[in-house]
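Colleague: Everything below, folded, please.
(chains A and B)
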Amino acid sequence: EAGVAQSPRYKIIEKRQSVAFWCNPISGHATLYWYQQILGQGPKLLIQFQNNGVVDDSQLPKDRFSAERLKGVDSTLKIQPAKLEDSAVYLCASSFGQAGTEAFFGQGTRLTVV
Amino acid sequence: AQSVTQLGSHVSVSEGALVLLRCNYSSSVPPYLFWYVQYPNQGLQLLLKYTSAATLVKGINGFEAEFKKSETSFHLTKPSAHMSDAAEYFCAVSESGANSKLTFGKGITLSVRP
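Modeller: Numbers count the residues shown, from 1 in each chain, chains lettered A, B, ... in the order given. All right, here's what the predicted structure looks like:
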């Protein structure tokens, strides 16, 4: 069974540039999450989709971050413009969505902003 | 609001010794609780989860955890540590209800000494 696919694995950009990350969830998973994991911290939820609708984006910095999940499958997370403090690992996860079901994680994209 | 607390950031044990990683939760409703493991440059992998069935939960790689409502705890244990257990461990909580999002603790790094 294919897992959650993310690309790229690594990205280095200068501050004020833009960047985009892509995620392909496990087939049949209705719920998709984007988490931000800063070094030494636990993952923090940025946005949660149920099919192609947003369930929770309360911690998404909407002045610079955006995400979409067209057609309820793949998703893209964008940062524009990037700040130094955006350096982190961005993890995509998916699940069937019912309470108590586990989330399956991709390997993440490590972003370095210089 | 739901949250988890993982006291300490680093635990070091000798190979063959008992592993104990602590997690306390806060939730206004009966929670679902999870332990995930993260190896370097990898995504998160589920070790085990509690979903209101048996209070003693067995997971992969010989790990288990016990849900104690009176202590609001869900500590992770393994009787005998192996070198391959060295990784970062995250406790997470999800509330019952429609929103299945996971809220993570800050994680604990486990080192295993030969």
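
Colleague: Alongside chain B, which residues does chain A contribute?
Modeller: A:4, A:31, A:33, A:35, A:40-45, A:48, A:55-56, A:91, A:93, A:95, A:97-108, A:110 (CB under 8 Å from any CB of the partner chain). Any C-beta I mention is one placed from the backbone N, CA and C, and that applies to glycine too.

Colleague: Filter these down to the buried ones.
Modeller: Buried by 16 or more other CB atoms under 10 Å in any protein chain shown: A:4, A:31, A:33, A:35, A:42-43, A:45, A:48, A:55, A:91, A:93, A:95, A:97, A:99-108, A:110, out of the residues of chain A next to chain B.

Colleague: So what sits opposite A:Val19 in the bridge?
Modeller: In this entry, A:Val19 is beta-bridged to A:Ile79, by DSSP bridges.

Colleague: which element is the residue nearest the centre of chain B on?
Modeller: Centroid-nearest residue in chain B: B:Trp35, 3.4 Å away (criterion: CA atoms, centre = their mean). Using DSSP states H and E, B:Trp35 maps to strand B:31-38.

Colleague: A:Trp22 now?
Modeller: Here A:Trp22 sits within strand A:19-24, counting by DSSP H and E.

Colleague: Which other helices and strands does that strand contact?
Modeller: strand A:5-7, strand A:10-13, strand A:75-79, strand A:88-95, strand A:109-113 (3 or more CB pairs under 8 Å, 6 or more residues apart in numbering or on different chains; DSSP states H and E).

Colleague: how does it look with 7 Å?
Modeller: strand A:5-7, strand A:75-79 (3 or more CB pairs under 7 Å, 6 or more residues apart in numbering or on different chains; DSSP states H and E).

Colleague: Check the offset of that strand from the chain's centre.
Modeller: Distance, stretch centre to chain centre, for strand A:19-24: 7 Å (CA atoms, centre = their mean, to the nearest Å).

Colleague: List of residues touching that strand?
Modeller: Strand A:19-24 has contacts (CB atoms under 7 Å, 6 or more residues apart in numbering or on different chains) with A:4-7, A:11, A:13, A:32, A:74-79, A:82, A:90, A:92, A:106, A:109, A:111.
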